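S.K.: Next one to model:
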Amino acid sequence: MKFGICTSIENINLLAEMGFDYIECGVSKLASLSEEEFASWKEQAAKASIPVSCFNVLFPKTIKLIGSEYNREATVEYLNLALSRVQAMGGTTVVFGSGGARKRPEDVDFFSAYRQLVEVTKLIGEVAAKYGVTIVIEPLNRGETNMINSMAEGAQLAADVNMPNVKLLSDFFHVAKDGEPVEDVVRIGEFGHIHIASGKGRLYPLPGQDEQYQLYFQCLKKIGYDGRVSIEGKTEDMAKDAPVALAYMKSMIGE
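M.R.: Predicted coordinates:
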C-alpha cells in the first residue's frame, strides 16, 4: 500500500520529508485557481519528490447534480476545466464525494434521484476518461448527504454505472461514523482508493483511539488491496501526528 494525506499543495515537501508516498489535493480548489495560481501549483508539484496522485472534493456545493437545478452543459464545462487541470498536475484518481452537490432535494423521490445520479456519474466517467482519470465514488455518512451512504450503496452505484474508470472508495471515517460493518470491505471485495480518519472527531489515525483500524486493514489485506490510503482528517500538529500515523498504519499491514 502507498500512503498520503489530503492537504494543500503547500505541504507537499513536508509530506515527502515525513516519508509519505504522495499528496491528495482538492479538485474544486484547483478548478477555482487563476491561471497564475495554477501555474504555481504545477511548479510546486514539478519540483517535489512525491506526486500529486489523487484529488478529492470533485464538485463545489454550488453545483447541483440532482433535481431541477442540475445543468448538464455547465457540469460538463466544469468537468473539462477541472479534470484537464488534474491531468496537467499528474493526477490519476479523483474522489467523487461532494455530498452537497449530490444531495437529493426534498421534492425529488429517492428512485428518481438515484436514476439521475447513475446518469450523472456515467457522464463524469465519460469526461474523466478523456483525461486518463479514474473516478472513485465515496460513500458519505448520513449527516453529510442523503445519497450513497454506505459502501454497499456505493458498490451498487458503481455496478449500475458499469464503467472501467468508475470505481468505489471506502472511507473508514464514514464507515465508523454510521456504524457500518467493517467486514463489508471483504463482502464487496474491490476498491479503487481508501480514505482514513477516526470516526470520533475525524482525527488522524493514531494509537489509542479505540477504533477498528486493525480489523479494517486486515480486511483490506484479505481482499488483496495494495493501492493508496489517504489520511483525510484533522490535526492540530501535522508535523507531530503525521509520522506517528504513518508508522501506525504501516505496522498494521506488517511493514
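
S.K.: Tell me where the model's unsure across this structure.
M.R.: The model of the chain has pLDDT under 70 over residues 255.

S.K.: quick one: the helices in this structure?
M.R.: All helices of the chain, identified by DSSP state H, fall at 12-18, 27-32, 35-47, 72-89, 110-130, 151-161, 172-177, 184-188, 213-222, 238-252.

S.K.: by how many degrees do the last one and helix 213-222 diverge?
M.R.: For helix 238-252 against helix 213-222, the angle by axes from the mean of the first three to the mean of the last three CA atoms, to 10 degrees is 60 degrees.

S.K.: what comes up buried for helix 238-252?
M.R.: Met238, Asp241, Ala242, Ala245, Leu246, Tyr248, Met249, Met252 (16 or more other CB atoms under 10 Å). (Each C-beta comes from the backbone N, C-alpha and C, glycine too.)

S.K.: same thing with the second one?
M.R.: For helix 27-32, the buried set under the neighbour-count rule, 16+ other CB under 10 Å, comprises Val27, Ser28, Lys29, Leu30, Ala31.

S.K.: okay, those in CSV with distance to Val94 next?
M.R.: Output for the buried residues of helix 27-32, formatted as CSV (distance: CB to CB, whole Å):
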residue, distance to Val94
Val27, 6
Ser28, 11
Lys29, 13
Leu30, 10
Ala31, 11
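
S.K.: how close does Gly154 get to Glu211?
M.R.: 21 Å (CB to CB, to the nearest Å).

S.K.: Pick out whichever of those two has more residues nearby.
M.R.: Between Gly154 and Glu211, counting by other CB atoms under 10 Å, Gly154 is the more crowded of the two (25 against 21).

S.K.: and the gap between the nearest residue to Ile124 once chain neighbours are set aside and Ser68?
M.R.: Nearest residue to Ile124 in three dimensions, chain neighbours excluded: Ile135, at 5.6 Å (CB to CB, 6 or more residues apart in numbering). Per CB to CB, Ile135 is found 24 Å from Ser68.

S.K.: more neighbours, the two?
M.R.: Ile135 (26 against 9).

S.K.: Return the set of residues that bridge with that one.
M.R.: Val94, Val166 (DSSP bridges).

S.K.: Over to Cys25?
M.R.: Here Cys25 sits in beta bridges with Phe55, going by DSSP bridges.

S.K.: Look up how far Ala113 lies from it.
M.R.: Distance of Cys25 to Ala113, given as CB to CB: 29 Å.

S.K.: swap in Glu153?
M.R.: Distance from Glu153 to Ala113, by CB to CB: 12 Å.

S.K.: What of Lys2?
M.R.: Counting by CB to CB - Lys2 and Ala113 are separated by 35 Å.

S.K.: Between the two, tell me which one has more neighbours.
M.R.: Ala113 (19 against 14).

S.K.: Before I go, just wanted to say thanks for your time.
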